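*Asks:* here is a sequence with its predicted model. Questions after.
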Amino acid sequence: MIPSVLPTYNRAPLTFVKGEGSWLIEESGRRYLDLGAGIAVNALGHAHPALVSALTEQANAVWHLSNLYNIPQQQALADKLVEVTFADTVFFTNSGTESCELAVKMARKYWYEAGSPEKVEIIGFEGAFHGRSSAGIAAAGAEKMTKGFGPLLPGFVHIPWADLEAVKAAITDQTAAVIVEPLQGEGGIRPLPHGFLKELRALCDEAGILLILDEVQCGVGRTGRLFAHEWEGVTPDIMMVAKGIGGGFPLGAVLATESAASGMTAGTHGSTYGGNPLACSVGCAVMDIVSEPAFLDDVNRKAGLLRQKLEGLVAEHPEIFEEVRGAGLMLGLKCKVANGQVVTAGYDAAVILVPAADNVVRLLPPLTITDDEISEALTRLETAAASLMQTELV
Ligand SMILES: *Cc1c(COP(=O)(O)O)cnc(C)c1O
């Protein structure tokens, strides 16, 4: 008999009933150190006082209004994002894949209004993840997401990861945009090589096509800059955001330049819940904290500490781990044993890791993780690795 919850997820047998900072507490009372943060969502950890008060204050004022009316919290969050990023304008969604939907619509509408309605094709990369909507799975293209869900939304081309020559070869008169994650998350914490984004930006400018960055996972301070593309000194035309920006409350956004967004006039797009007062109040509180240079400096310092310790772990357990990769507090351990085994050994040692493609386990701790918690994380990862060594030996 089918379970009452549609069985689309492989769940671990863990039931957490409370979160405190970097910790999740199970029904049994056991405390787990959370290096997953709800897949890079709980950017400020669990129950951060500033977020709890932003949410409860707004909950006592008004929950939902509709975009038929002004929403001051939405206006404030948009102003803040425009102030601290490349963007001139922002649309709010409730998730990453909704941000993908709009990014695709916006790019196509741009060309339609520019008098080139034939420009509809979007070039994406192998290993990408853009969410589970029809546009999201078509943009990513991997068979494990698309199989059985045809006919797929047309107009997407897929090329090998980080291959600039392949981008060049794929650009045609029908190309509207390129979409890429500066640092792939689901794909296995695969960073673009340094310098790639700059060359890609130049290529897009030369060909006169739009650059869409998917910073749903790597944005909002995760890599130690507010957005990952800032490391490369380039800006996109359109950027997808979600996950961390809501700190655990569902919130996403599409940020764009005035030019890229020029086709999106009144009535061309909308959302019932997008930009609601609750989500935007929390989003403002997240952005106020994460956009502070001192906060990001501390993320970078802690990222250095964690990375150094992980390099040590890999060196000590070459039978289990191959390498550390990623940036900031978005790190991956490429495994030699099955990554699922490492995640399970982590649960046994009360430390939470998240699997990714390419046999990687992800470490995406709250950006607020403390130095002591980083040390504790390593102690627990050591325990997990040691137990895996035992299993390997028998
Ligand atoms: C999680 C993710 C998405 C999809 O976000 P949802 O909120 O699950 O729809 C899109 N792109 C990237 C890079 C992601 O990590």
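*Replies:* Perfect, I can see it now.
*Asks:* buried set for stretch 98-118?
*Replies:* Counting neighbours by 16 or more other Cβ atoms under 10 Å, one finds that the buried residues in stretch 98-118 are 98-111. Just so you know, the C-beta spots here come from the backbone N, C-alpha and C atoms, and that holds for glycine as well.
*Asks:* so whichever residue of the chain sits closest to the ligand versus G136, what's the distance?
*Replies:* Using Cβ to the nearest ligand atom, G96 is the residue of the chain that sits closest to the ligand, at 2.2 Å. As defined by Cβ to Cβ, to the nearest Å, G96 lies at a distance of 8 Å from G136.
*Asks:* also L388?
*Replies:* For L388 relative to G136 (Cβ to Cβ), the value is 34 Å.
*Asks:* now A207
*Replies:* Taking Cβ to Cβ as the measure, A207 falls 24 Å from G136.
*Asks:* the more surrounded of the two?
*Replies:* Between A207 and G136, counting by other Cβ atoms under 10 Å, G136 is the more crowded of the two (25 against 13).
*Asks:* what does the pLDDT read for that one?
*Replies:* Reported pLDDT at G136 in the predicted model: 98.
*Asks:* you'd agree it is up against E98?
*Replies:* No: G136 sits out of contact with E98 when judged by Cβ atoms under 8 Å, with a separation of 9.0 Å.
*Asks:* mutual contacts of G96 and G136, please.
*Replies:* Contact criterion Cβ atoms under 8 Å, 6 or more residues apart in numbering; residues shared by G96 and G136: H130.
*Asks:* ok, which residues in the stretch 1-150 of the chain are in contact with the ligand?
*Replies:* Selection of the stretch 1-150 of the chain residues close to the ligand by Cβ under 6 Å from any ligand atom yields 95-97, 129-131.
*Asks:* ok so V361 is a strand residue?
*Replies:* Yes: assignment of V361 by DSSP: H, G, I helix; E, B strand; the rest coil places it within a strand.
*Asks:* start at 374 instead
*Replies:* Sure, I'll start counting at 374 from here, so that last one is V734.
*Asks:* and stretch 591-608 with the ligand, contact?
*Replies:* No: judged by Cβ under 6 Å from any ligand atom, stretch 591-608 makes no contact with the ligand; its nearest approach is 7.2 Å.
*Asks:* which of the residues in that stretch are buried?
*Replies:* Along stretch 591-608, these residues count as buried under the neighbour rule (16+ other Cβ under 10 Å): 591-605, 607-608.
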